[in-house]
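Enquirer: My questions concern the predicted model and sequence given below.
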Amino acid sequence: MDSSAPAFLNLRNLRNLRMRTLTGLLRTNIIRDCFASLLIRLLLESALMSHNSRTRLFVFLLLVACASGAKAQETQSLRGITYRLSMPQPASHLFAVSIEVDVAENSAFPALDFQMAKWSPGRYAVFDFAKNVQEFHAYTLNCSSRPEAPSSVNCQVNEPPVTRLDNQTWQVATRGIQRVTASYKVFGNDLSGTFSQLDTRHANFNGGSIFMYVAGHKSARVKLLIDPPAGWRIVNGRMERPGQREWQFPNWDEMIDTPTEIAPDWSMDEFEVAGKKYRVVVHSFGNEGGKRAALVRDIEKIVRAEIAMWEPPDFEAYTFLIHFAADDHSGDGMEHLTSTQIIEPGALADAATYEDTLVTVAHEFFHVWNVKRLRPVELGPWDFTRPVNTRALWIAEGFTNYYGHLMLRRAGIWDDAKFLKREGATIHDIENAPGSRLMSAEDSSLSASFIDDAPHAQSTNLENTSISYYPKGEVLGLVLDLIIRGKTKGKASLDDVLRRMYEDFYLKSANASYYLRGRGYTTDDFQRAASEVAGVDLREFIQRHVRGVIPPPYDEALAYVGLRLVRSQASEPYNAGISLDWEDRAMIIGGVRNGSVAEVAGLQAGDEIISLGGKPLKRDNWLVALARYKPKDRVPIVVKRDQRTIEAVLVMGPPERFEYRIEEDPTATAEQKALRVAWLKS
């Protein structure tokens with residue numbers, strides 16, 4: 001211990017101190033909401049330096065008592081929170097929100113803080129939803145003079161002082177007040193799995209971008225009432241009856257986990273699997289081509305395949321909210337506890353759109369178990385004042401990517417060749433990405449707020465230094481699954497690892513918080529579970545391929561099922577380290593790979609390519625033009641930068657582009673083939 005520490009923290013006196021503290025606890029109602037938090041911190045630091053297990057246990061119990069006391073007071077201090085949502089002028093894109101907070105009698109809050117989240121679960125970039133909040137007001141209702149008849153007729157209505165504390169928090173002075181109402185408007189005109197949209201066609205909202213929470217009271221029960229425009233119908237994953245306009249939620253977190261569509265013209269189909277009801281809600285802004293019935297049948301196949309792996313989920317009903325935006329730019333998919341919201345930029349009649357819808361459905365429905373219930377320890381409840389930081393998105397999202405594709409095969413929608421082609425394409429993308437050699441799967445997870453569709457006002461080098469945890473985790477899931485199957489001779493798989501963790505952490509664990517049942521896991525928890533199922537210690541695998549950037553052992557994994565990974569030079573072997581910005585019609589350089597011939601030549605992002613080798617270019621012949629050259633050739637290139645024309649020379653190096661594909665090993669044994677069949681069809 002530091003010799004400068006106060007004398008009362010001497011370990012010899014710690015026993016007397018903890019006895020006095022315990023006596024104080026009994027007299028002060030759990031230290032008056034943990035007012036003595038500094039004392040607890042000092043106790044904790046002393047306990048951590050002590051080898052005395054009793055001391056450590058005492059401090060742990062003290063902290064639990066403090067947290068429990070604060071939670072108990074939080075629950076008792078409010079009688080209810082009611083949210084009201086209306087859309088009086090859809091063309092304005094403004095949602096109108098009010099939050100009524102009923103304070104328990106004899107509770108003396110000096111103020112209530114209403115806070116807008118900075119981000120929302122499932123999309124980890126920080127978007128600062130408060131930027132679209134306007135016209136915040138507060139009203140209070142004081143009925144102390146007529147407690148027998150608390151109504152607006154005989155109660156005093158006031159507008160208390162409102163202070164903007166920071167960019168996401170509004171504070172309302174409330175001392176002695178029984179009811180506080182906050183009202184505000186939110187601008188929303190983005191159809192996505194994160195934002196909200198209100199226009200003359202429909203209203204679609206994601207609660208995190210619309211509803212403030214009462215700071216310190218996210219765990220309180222809440223009520224939601226929706227007042228839709230005339231003729232518009234409401235649907236979401238918590239619907240219990242047609243025409244429903246009122247919902248009860250156990251907490252704010254579950255309320256915002258319920259995306260809602262409000263429109264006059266959506267359609268709904270239903271089916272049942274294992275005693276659970278499934279709704280397929282389709283809102284089409286384009287031609288359906290008579291494909292809706294087939295879509296519902298294919299979605300049912302996916303549901304059955306995924307339930308066959310896991311078990312029937314712990315809900316009574318689930319809703320697929322699918323939007324065919326037909327606007328060529330809106331596209332997303334987001335998982336929720338009892339629903340998913342999927343937005344496609346095309347029309348249902350388009351074959352490619354139909355295919356992509358099923359891919360997204362398979363991914364998002366797998367999240368029912370992996371992420372929404374079996375979850376990393378950091379994913380619920382959340383602190384919405386700062387970005388989330390978890391090391392496990394390569395499991396939560398990457399494994400879901402892998403299983404989303406595998407389930408399309410197991411559902412019979414894809415055949416073996418299509419599934420293997422898709423996995424080969426994922427390996428191709430990973431092995432050709434420069435960031436894959438610089439960023440590990442864990443680091444990618446921790447960088448989610450930078451790379452998950454995050455907006456960037458400043459230029460970044462993320463294209464060269466980062467990799468997404470989606471494909472990175474997908475190839476790790478593929479390799480781990482096959483290694484476990486191979487090591488156990490088909491007696492176990494990654495399926496078994498996930499099922500065991502679902503049972504241990506979600507179904508059987510004691511509740512760690514007010515949010516859902518069970519508790520979250522860490523990457524070390526996953527490592528232990530996977531090692532036990534595989535019968536081999538996977539610590540080295542995790543260290544090298546998850547925490548490190550060494551490529552996973554594709555050859556070993558694929559060999560177990562009679563497959564092999566083939567690497568060959570691409571027919572168009574050069575790109576000069578240049579990626580084009582596909583959002584611009586001109587040939588604008590979107591990025592330049594570090595160490596590439598383009599970087600050596602002095603080219604940079606934002607340059608417009610005018611000609612190569614003295615000839616003008618188009619987007620579709622850029623790689624073809626480069627393929628005419630060979631190593632050591634000096635190729636003139638002309639670009640436009642700002643208002644200058646710049647001439648440079650590309651000195652061609654060795655081939656840069658390689659193709660990866662998975663194919664059957666002609667020497668595969670009957671045992672390997674049988675293991676492959678079990679993998680793809682079980």
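Expert: Everything's here; your move.

Enquirer: wait, what's in contact with Leu321?
Expert: Leu321 makes contact with Val235, Asn236, Gly237, Pro259, Glu261, Val281, His283, Ser339, Thr340, Gln341, Ile342 under the criterion CB atoms under 8 Å, 6 or more residues apart in numbering. Quick note: C-beta positions are derived from backbone N, CA and C, even for glycine.

Enquirer: tell me which of these is nearest to Leu476?
Expert: Proximity of the contacts of Leu321 to Leu476 (CB to CB) peaks at Thr340, which lies at 23.9 Å.

Enquirer: who does that closest one bridge with?
Expert: Taking DSSP bridges as the rule, Thr340 bridges to Phe320, Glu335.

Enquirer: So Thr169 is in contact with Ala111, correct?
Expert: No - if you go by CB atoms under 8 Å, Thr169 and Ala111 don't touch, sitting 10.7 Å apart.

Enquirer: where does Gln134 sit relative to Val162, distance-wise?
Expert: 13 Å (CB to CB, to the nearest Å).

Enquirer: between the two, who's got more neighbours?
Expert: The residue with more neighbours, out of Gln134 and Val162, is Val162; 15 against 10, by other CB atoms under 10 Å.

Enquirer: Not counting residues beside it along the chain, what's closest to the more buried one?
Expert: Using CB to CB, 6 or more residues apart in numbering and skipping residues adjacent in sequence, the residue nearest Val162 is Ala138, 5.2 Å away.

Enquirer: cool, Leu494 as well?
Expert: Of all residues apart from its sequence neighbours, Asp481 sits closest to Leu494 (CB to CB, 6+ apart), at 3.8 Å.

Enquirer: Same check on Ala91?
Expert: Thr200 (5.5 Å).

Enquirer: State the number of residues packed around that neighbour.
Expert: Neighbours of Thr200 (other CB under 10 Å): 9.

Enquirer: Assess the claim that it and His93 are in contact.
Expert: No - if you go by CB under 8 Å, Thr200 and His93 don't touch, sitting 9.9 Å apart.

Enquirer: Kindly state the domain boundaries assigned to this structure.
Expert: Domain ranges of the chain: 7-76, 87-263, 283-559, 578-656, per automatic domain parsing.

Enquirer: Can you give the distance of the longest one from its chain's centre?
Expert: Here the centre of domain 283-559 is set off from its chain's centre by 10 Å, with CA atoms, centre = their mean, to the nearest Å.

Enquirer: Wasn't the residue nearest to Leu494 part of a helix?
Expert: Yes - Asp481: assigned to a helix according to DSSP: H, G, I helix; E, B strand; the rest coil.

Enquirer: Relative to Asp555, how far out is it?
Expert: Taken as CB to CB, the span from Asp481 to Asp555 is 15 Å.

Enquirer: And Glu572, by the same measure?
Expert: On the measure of CB to CB, Glu572 and Asp555 end up 26 Å apart.

Enquirer: more crowded one of these two?
Expert: Glu572 (15 against 11).

Enquirer: Contacts only, for Ser183.
Expert: Counting by CB under 8 Å, 6+ apart, Ser183 has contacts Ala96, Val97, Ser98, Ile99, Glu135, Phe136, His137, Ala138, Tyr139.

Enquirer: Could you pull up phi and psi at the nearest residue to Ala96 once chain neighbours are set aside?
Expert: Leaving aside its sequence neighbours, Ala96 sits nearest to Ser86 (CB to CB, 6+ apart; 4.7 Å). Ser86 adopts backbone torsions of phi -140, psi 170, taken as degrees, to the nearest 10.
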